[in-house]
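Peer 1: Next input, structure requested:
(2 chains)
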2 protein chains.
Amino acid sequence: MSNRNRTATLLQLCGRTRVSDSFFGHYMELVRNTMLPYQWEALQDRVEGAAPSFCIHNFKVAAGLKTGEFGGYVFQDSDLAKWIEAAAYTLMWHPDAELEKMLDEAIDLVVSAQQPDGYLNTYYIINGLDKWFTNLTDHHELYCAGHFIEAAAAYYYATGKRKLLDAMIRYVDCIGRQIGKEEGKLPGYPGHEVIEMALIKLYEITGDEKHRDLAQYFIDERGQDPLYFEEERKRANRGMHWANGPLKYQYYQAGKPVREQTEAEGHSVRAVYLYSGMADAAAESGDASLKEACLRLWKNLTRKRMYITGAIGSSAYGEAFTFDYDLPNDTVYGESCASVGLVFFANRMMHLDPAGEYGDVMEKALYNTILSGMSMDGTRFFYVNPLEVVPEACRKDKNKSHVKPERQKWFGCACCPPNIARMLTSLPGYIYTEQGLDAYVNLYIGNESTLHLNGREFGIKMESGFPWNGEVTIKISAKESLEGWGRIAFRIPGWCKSYVAKKNGRPIISAQVKKGFLYLNDELMDGDEITLDFAMPAVKMCANPRVREDSGKLAVMRGPLVYCLEEADNGELLANLRLSPSAEITATWREELLGGVMTLQSPGRRMISSWDEDDLYRPYSAENGYEENVTLTWIPYYAWANRGEGEMAVWIRKG
Amino acid sequence: MSNRNRTATLLQLCGRTRVSDSFFGHYMELVRNTMLPYQWEALQDRVEGAAPSFCIHNFKVAAGLKTGEFGGYVFQDSDLAKWIEAAAYTLMWHPDAELEKMLDEAIDLVVSAQQPDGYLNTYYIINGLDKWFTNLTDHHELYCAGHFIEAAAAYYYATGKRKLLDAMIRYVDCIGRQIGKEEGKLPGYPGHEVIEMALIKLYEITGDEKHRDLAQYFIDERGQDPLYFEEERKRANRGMHWANGPLKYQYYQAGKPVREQTEAEGHSVRAVYLYSGMADAAAESGDASLKEACLRLWKNLTRKRMYITGAIGSSAYGEAFTFDYDLPNDTVYGESCASVGLVFFANRMMHLDPAGEYGDVMEKALYNTILSGMSMDGTRFFYVNPLEVVPEACRKDKNKSHVKPERQKWFGCACCPPNIARMLTSLPGYIYTEQGLDAYVNLYIGNESTLHLNGREFGIKMESGFPWNGEVTIKISAKESLEGWGRIAFRIPGWCKSYVAKKNGRPIISAQVKKGFLYLNDELMDGDEITLDFAMPAVKMCANPRVREDSGKLAVMRGPLVYCLEEADNGELLANLRLSPSAEITATWREELLGGVMTLQSPGRRMISSWDEDDLYRPYSAENGYEENVTLTWIPYYAWANRGEGEMAVWIRKG
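Peer 2: The predicted structure is shown next:
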């Protein structure tokens, strides 16, 4: 029996909550109106100048509707799955018969490719079913299955239609016949995780313990000795791509059993997907050692391996983590998908250990790296989200060739665009957490929803000034008094050093603050209005002295937003700018700029020089170190690279 | 007829000059006594734990003395050539019958592998002569030939023995029958340059214009349209490794004709080897456009693409240059061979345009990067010479995996160790340049030599305190007065802001300073003593503001030496240290340390913190930015990494 059977699932919360936020509401509509139709065209290879997807093509070939070869990466199916999932969420908050018809047709296509035994992966259907499940290490069969399970769950939840859900249940049965600890099965698990959390989601719908148990098996078996990936490799007489570098099997988080893993390692997207599944499984089972592992990995990841923007993954090699406090700003990977996965992980951790820091990280990733992953017009995307860019270096220094100074139309490996889409269209599900008797407010995104305290329903309506100001108003509607049902807890953002909380205009004095949440002990009644006013001054941030790349540097934040300097506002050679710790920073709203943003200004200094361009090194002297006064102008990081190519920097020299 | 027929060749100067320098003399003896015997063992695969060379093995197989396959890289022959060359130089200044016997035997082996038509490359002799000259782009046939020509020239010059020289003349004839512009020949040139300067050296011995003309052909044909490498690639239906990166055919300096090249590009060793050959050829021919190209490339290389240590090559990708002012300290390549090649280039530029800056760059490369390439005991080597190292990053960040925190025993690609050896054993040849009527003192390395002014001989004896102090004494011996013969010019080091020059104890007032040289116009006579006292205070250096990686940082130099901070003296997290521009630096001689070095100390500041290790970002406050006073201790850069693994940094934050 589930240990969290009284709490609402992500899909339930998503289904109940209507976002009315002027900030994120805009992006959700942008995804719905522009990004999803654009991506639908991309999946059908109809976007001029964009890398081809082959996604729909592959399904048509697999279903026998056209002839041809498999195109694109082995995991191409997952792009369609993520698109279906993203679109399904929009139906929860914006019913659209035409879109639903498109989705039905897409699902018909997918299911028409399914084999009689339930198998459903176009790569092997096209290239030979005799080879199925022979390369769990690198061929993403279980990954694609995981994404289709997520899509099926979302679509079922949005429409009540079971076609894709039933197809995926059959596919899971097929997988379960082939893979597992039992005699005659392959004791394998996915090279790219995601199916773990997908199966828990499926279990939340079906209640079928088989689904939960398969997730648990994938988690428990991972990294056990003898190592399945190594056995598989030997059987197939394959090489091991990561053998000669620092990652080895930890690229796949499979170098040791998951409960023995203490540091966030390997491919960062895989890592956070695995950890999300682990947290889900631990919440279901109450398994203390698994919970411990989740807490340990969370702590390592967010205390030692996370950028101030919520980006994760320090190195392009393996799109991976490197080591504690190694956070280079210019060669960073910081994949958009990884920050999406970080939100998944944070959200799930709330069920293990309710704390404000999970909302802090969700907020950080959402308002900064995830939004930075898309252009203002919703049709261009970043895969990599650097904190420092010199466009010439992206072109001429191979170490930075993964960093693009401008967003791209599409990618051969197009995991990020639909991942950003499904994150934003399911955003309503992340605002609240119901856990135990209590209801938690994680994110200050304006919305209207229905929540439960100890299972009893009440209405909540939130208006929020985030991210531009910290004023939040929450109205409660309830048929009866909420006294004694449970508590409503409001996250006090980690960045906020001062706030005022009021109930019906009067300061709240009886609240308890614990682990970053303000728990209201007051009796709440229908019509009560809670106001929270979080002070949101611009703040100069510094990094732990162990972060070498940020030594002697400052970054600027205002509320949840990390700011950056762009060449468009500050000229080239941003490395020559510095900011005094005592400089005053003023905020100016600029309606016409970048869709309307709060810009920041402060006095600063720019090193200039009388140097001849032919003079490379000189004895230091006041003359050579000459600086001029300048006004520094910051824009929110998420909005960078929307004004053509140029330098960008989040961290600036202090002094 | 040569345009420089009155000047001494490098080999002549090497043969005439006896080094008595306490600093470099030590290293030359270390090479002779330890490094060359060690490398001889390595070439025979007899060093335990070192990567195998296969070098001698390959020659034995090629000569039919044993059976087996070709081992190692296609250019493995060159390691033996460089070793013979390096050992040959020692015979010029330290006759050694036993070594000469070993060399004779090695040469016998080499020549016994030579084919009747003169061809001599073990890779193709073993793998099939039908394929010779089919992959000039990547198979280093002409490169190996070039190195054997250099070896043959050195050995002939040292011993008068012609066996290897004659063998190489026959090989050059063989090459000349196959390659060239004439009908029926391959209009090719080497993928890895070196044969150009080797052929000029051969010409200086043989006087055979064929040798000079072949060098000139290789230079002139390079990069012409249609591109030979592209034609060769198409013929063989091969791919082009560098096609998808930023380098393309400029990896080989073949993207355009050499006279159209304006920036130092591509593989840095190849680049400086080519430029050296170009400078040689321009000096021979007086070709103004070629001279112009050399000056332009020199200027770009040393003004915009050279590290303060004389390292060159900013990126591991292609071991190559990147773009102007792009000089990352931690991901740098800075191959030891490239700095050796930089000395070659600088030395040759003296014949095109005598100027002190050439000696400045030779000195910079020699006292810093080239010496850093070897361990204090002469048996460990750096291939890559970083300016900033964090050992953990070398192991865990693939972008830095080419950087080793400690010197290695040998390398699969072992170009550097014998290159450092031949540089140091031929060092006597670099101290002086005879050009036109004049004699130039490039380097202040104690020695005794015979020079010429307008062809007339005189003796010179130099004592030097370099690099520890700037006191230099030069004694002239001559059979007759030197008046009116030509001028002796002494380099005023670029780092020196104040010096005193005396003749026989009296200040020299009639000297002329031009382009970094002090030209003595005084009549010089037998017994005259010139003393030069170059002030050598420790100096804080800064980089051009366009060098982003050094923005807001200082480096410390004293005389020709660049200094660095090591963890052994300063603790870990060197990034947390800073140096005030006004801090006083004191020098302390430490006899017992690192073979005896002048260390530098100054007050500095270290950021410490009350931070919990679990706290990654914080609002900046005086408390979080707390610093303590520390004493910073510098050692000379060349001596780093001789006390176990640890952090190292050349640049330190200013403030």
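Peer 1: shaky segments in chain A?
Peer 2: Along chain A, the model assigns pLDDT under 70 to residues A:1-6, A:522, A:609-610.
Peer 1: Would you map out the domains in it?
Peer 2: A:432-534, A:538-654 (automatic domain parsing).
Peer 1: Residue of the stretch 201-350 of chain A nearest chain B, please.
Peer 2: Scanning the stretch 201-350 of chain A for the residue nearest chain B gives A:Tyr317, at 3.3 Å (criterion: C-beta to the nearest C-beta). Yep, even glycine has a C-beta here, placed from its N, CA and C like the rest.
Peer 1: Show the contacting residues for that residue.
Peer 2: Shown in contact with A:Tyr317 (C-beta atoms under 8 Å, 6 or more residues apart in numbering or on different chains): A:Gly245, A:Leu247, B:Asp397, B:Lys398, B:Asn399.
Peer 1: Same question for A:Asp615.
Peer 2: B:Arg303, B:Asn544.
Peer 1: what about it, which SS state?
Peer 2: What DSSP: H, G, I helix; E, B strand; the rest coil gives for A:Asp615 is coil.
Peer 1: ok so, going back, drop anything exposed from the contacts of A:Tyr317.
Peer 2: For the contacts of A:Tyr317, a burial check counting by 16 or more other C-beta atoms under 10 Å in any protein chain shown picks out A:Gly245, A:Leu247, B:Asp397, B:Lys398, B:Asn399.
Peer 1: For the residue lying closest to the third one once chain neighbours are set aside, grab the count of nearby residues.
Peer 2: Across the structure, with C-beta to C-beta, 6 or more residues apart in numbering or on different chains as the measure, the residue nearest B:Asp397 apart from its sequence neighbours is A:Thr322 (4.8 Å). The burial metric for A:Thr322, expressed as a neighbour count using other C-beta atoms under 10 Å in any protein chain shown, is 27.
Peer 1: One more: A:Trp611?
Peer 2: 17.
Peer 1: Report the separation between the nearest residue to it once chain neighbours are set aside and B:Ala649.
Peer 2: Take A:Trp611 and drop its neighbours on the chain: the residue closest to it by C-beta to C-beta, 6+ apart is B:Asn544, 5.5 Å away. Distance of B:Asn544 to B:Ala649, computed by C-beta to C-beta, to the nearest Å: 19 Å.
Peer 1: Could you see whether chain B lies near stretch A:546-557?
Peer 2: Yes: counting by C-beta under 8 Å from any C-beta of the partner chain, chain B is contacted by stretch A:546-557 at A:Arg546, A:Val547, A:Arg548, A:Glu549, A:Ser551, A:Gly552, A:Leu554, A:Ala555.
Peer 1: Now these in a markdown table, please, with extra columns for secondary structure and distance to B:Ala81.
Peer 2: Formatted as a markdown table, these follow (DSSP: H, G, I helix; E, B strand; the rest coil; distance: C-beta to C-beta, whole Å):
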| residue | secondary structure | distance to B:Ala81 |
| --- | --- | --- |
| A:Arg546 | coil | 48 |
| A:Val547 | coil | 47 |
| A:Arg548 | helix | 42 |
| A:Glu549 | helix | 43 |
| A:Ser551 | coil | 46 |
| A:Gly552 | coil | 48 |
| A:Leu554 | strand | 54 |
| A:Ala555 | strand | 54 |
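Peer 1: hang on, isn't the residue nearest to A:Trp611 packed against A:Gly625?
Peer 2: No: applying C-beta atoms under 8 Å as the test, B:Asn544 and A:Gly625 come out as separate, 11.9 Å apart.
Peer 1: And the two? Which one has more around it.
Peer 2: Legend: neighbour count by other C-beta under 10 Å for B:Asn544 and A:Gly625, higher for B:Asn544 (22 against 18).
Peer 1: in the helix or strand containing A:Cys394, what's buried?
Peer 2: Assigned by DSSP states H and E, A:Cys394 falls within helix A:391-396. By neighbour count on 16+ other C-beta under 10 Å, the buried set for helix A:391-396 is A:Pro391, A:Glu392, A:Ala393, A:Cys394, A:Lys396.
Peer 1: which among the residues you listed gets closest to chain B?
Peer 2: A:Lys396 (4.4 Å).
Peer 1: Surely that closest one and B:Asp324 touch.
Peer 2: No: A:Lys396 is not in contact with B:Asp324 according to C-beta under 8 Å; the separation is 9.6 Å.
Peer 1: quick one: common contacting residues for those two?
Peer 2: With C-beta under 8 Å, 6+ apart, A:Lys396 and B:Asp324 have no common neighbours.
Peer 1: Can you tell me how far A:Ala154 is from A:Phe148?
Peer 2: Distance from A:Ala154 to A:Phe148, by C-beta to C-beta: 11 Å.
Peer 1: Out of the buried residues of helix A:391-396, give me the two with the largest separation.
Peer 2: Farthest-apart pair in these is A:Pro391 and A:Lys396; separation 9.7 Å (C-beta to C-beta).
Peer 1: check contacts around the nearest residue to A:Ile652 once chain neighbours are set aside.
Peer 2: With sequence-adjacent residues excluded and distances taken as C-beta to C-beta, 6+ apart, A:Ile652 is closest to A:Leu579, at 5.0 Å. Counting by C-beta under 8 Å, 6+ apart, A:Leu579 touches A:Lys540, A:Leu554, A:Val556, A:Ser602, A:Gly604, A:Leu632, A:Ile652, A:Arg653, A:Lys654, A:Gly655.
Peer 1: And for A:Leu518?
Peer 2: A:Ala489, A:Phe490, A:Arg491, A:Ile492, A:Ala501, A:Ile508, A:Ala511, A:Gln512, A:Leu532.
Peer 1: Could you do A:Cys416 as well?
Peer 2: A:Glu335, A:Ser336, A:Cys337, A:Gly373, A:Phe381, A:Phe382, A:Tyr383.
Peer 1: Closest one to A:Asn442 out of the buried ones among the contacts of A:Tyr317, please.
Peer 2: Distances from A:Asn442 to those, taken by C-beta to C-beta, are shortest for A:Leu247, at 32.8 Å.
Peer 1: Would you agree the closest one is in contact with A:Gly266?
Peer 2: Yes: at 5.7 Å, A:Leu247 counts as touching A:Gly266 under the criterion of C-beta under 8 Å.
Peer 1: Please identify every residue contacting each of those two.
Peer 2: Common contacts of A:Leu247 and A:Gly266 (C-beta under 8 Å, 6+ apart): A:Gly318, A:Ala320.
Peer 1: what's around A:Thr159, how many residues?
Peer 2: 18.
Peer 1: er, A:Arg270 I mean
Peer 2: 26.
Peer 1: before we move on, what about A:Gly266?
Peer 2: By the criterion of other C-beta under 10 Å, A:Gly266 has 25 neighbours.
Peer 1: Give me the distance between the strand or helix carrying A:Lys210 and the centre of its chain.
Peer 2: Here A:Lys210 sits within helix A:209-221, counting by DSSP H and E. In terms of C-alpha atoms, centre = their mean, to the nearest Å, the centre of helix A:209-221 is found 24 Å from the chain centre.
Peer 1: where does the stretch 201-350 of chain A come near chain B, residue by residue?
Peer 2: So the stretch 201-350 of chain A meets chain B at A:245-246, A:299, A:302-304, A:306, A:308, A:314-318, A:322-323, A:326, A:328, A:331 (C-beta under 8 Å from any C-beta).
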